[in-house]
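Asker: The sequence and its predicted three-dimensional model are supplied below.
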Amino acid sequence: MWNTRTMIMNACMAALYAALTLGLAPLSYGPIQVRISEFLTLAAFYNPRYIPGLVIGCFIANIGSPFGLTDMIIGTLATCIALYAMRYCRTVWQASLMPVISNGIIIGLELAYLGEIPFDSELLLTMLYIGIGELIAVTVIGVGIMKLLMSNRIVRDYVIDER
């Protein structure tokens, strides 16, 4: 059941994700990227109710992508798949790898499809670059931030609370 608090938190997640991505635009798009806002995806590991806000935030952020409508659809789909897969992870470390894998593969293929890179060894290298950027943003930065936030009882209760 959705309540006002859940809707407000999803709106905040969407706004924060989009603002971080667009505000750090030179780092957020292209074959070599570190989309810092992706650390927010870990909130879905702690509470799956944040998935809609994160998906909407990703969609809005991809409006600013140089790859246009294709990135709005495919890029958002990659994040959505990662968020869904997090539901089956036992630890935040495992959950942090879902965006690494999903975005690495899907965004790498998207860039190849858009003609940015050829379908050869450069495709694997691009997938690796995207994956490394996700690893930095989600696993290295994100897990640290989320562990710090979740160590605070008030924040933890507010984020995880299902009321």
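Answerer: On my side now, so go ahead.
Asker: which residues sit in contact with the residue nearest the centre of the chain?
Answerer: For the chain, the residue lying nearest the average C-alpha position, counting by Cα atoms, centre = their mean, turns out to be E38 (3.5 Å). By Cβ atoms under 8 Å, 6 or more residues apart in numbering, the contact list for E38 reads T79, P99, N103, E134, A137, V138, G142. In short, each C-beta sits where N, CA and C put it, glycine included.
Asker: quick one: the fourth one from P118, how far?
Answerer: In other words, E134. Separation of E134 from P118 (Cβ to Cβ, to the nearest Å): 22 Å.
Asker: more neighbours, those two?
Answerer: E134 (30 against 10; other Cβ atoms under 10 Å).
Asker: Just the pLDDT for that one.
Answerer: We have a pLDDT of 97 for E134.
Asker: Would you agree it is in contact with M98?
Answerer: No. If you go by Cβ atoms under 8 Å, E134 and M98 don't touch, sitting 9.4 Å apart.
Asker: excluding its backbone neighbours, what's nearest the residue nearest to the centre of the chain?
Answerer: A137 (4.4 Å; Cβ to Cβ, 6 or more residues apart in numbering).
Asker: Give me the phi and psi for G133.
Answerer: The phi and psi values for G133, taken as degrees, to the nearest 10, are phi -60, psi -40.
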